[in-house]
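**Q** next input, structure requested:
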Amino acid sequence: MPLPRSEVEHIAALARIGLTGEEVETLRDQLGQILDRFEVLRGLDTSGVAPTGHAGSLQTVLREDETSECLPQEDVLRNAPVTDGEFIRVKPVLEE
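**A** Alright, predicted model coming up:
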């Protein structure tokens with residue numbers, strides 16, 4: 001069952017995704033199908049199934065941390081969108 005158009009537009013706004021009218025209609029159908037499949041899963045008896053965090057075994061594939069030479073400060077600041085002297089300016093994340 002397709003989602004209401006307003007819900008798809010709300011989800012897109014939360015994700016900060018601009019959608020055309022055609023894309024909204026496509027996503028209404030696709031998201032509705034996904035939710036329908038979850039309803040099927042919700043109906044399954046899982047009382048004898050042990051909870052798991054992952055479907056397969058986990059193996060760390062990350063490399064070890066290695067130190068290396070830093071970039072020159074001028075190069076870093078040249079790539080920053082906004083600077084203030086020798087600092088990179090960012091939007092505040094905590095209100096005081």
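
**Q** please enumerate the helices of this protein.
**A** Here the chain has its helices, by DSSP state H, at 5-14, 21-42, 73-79.

**Q** got JSON lines for these, with mean pLDDT too?
**A** Shown next, in JSON lines, are those (pLDDT from 0 to 100):
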{"stretch": "helix 5-14", "mean pLDDT": "94"}
{"stretch": "helix 21-42", "mean pLDDT": "93"}
{"stretch": "helix 73-79", "mean pLDDT": "93"}
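
**Q** with distance to residue 52 and mean neighbour count as added columns, please give the ones you listed in JSON lines.
**A** Where you see a C-beta, it was placed from the backbone N, CA and C, and this is true even at glycine. Shown next, in JSON lines, are the helices of the chain (distance: least, C-beta to C-beta, whole Å; neighbours: other C-beta atoms under 10 Å):
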{"stretch": "helix 5-14", "distance to residue 52": "28", "mean neighbour count": "13"}
{"stretch": "helix 21-42", "distance to residue 52": "15", "mean neighbour count": "12"}
{"stretch": "helix 73-79", "distance to residue 52": "43", "mean neighbour count": "11"}
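
**Q** right, and those helices - which one's nearest residue 58?
**A** Evaluated with C-beta to C-beta, these place helix 21-42 nearest to residue 58, the distance being 23.0 Å.
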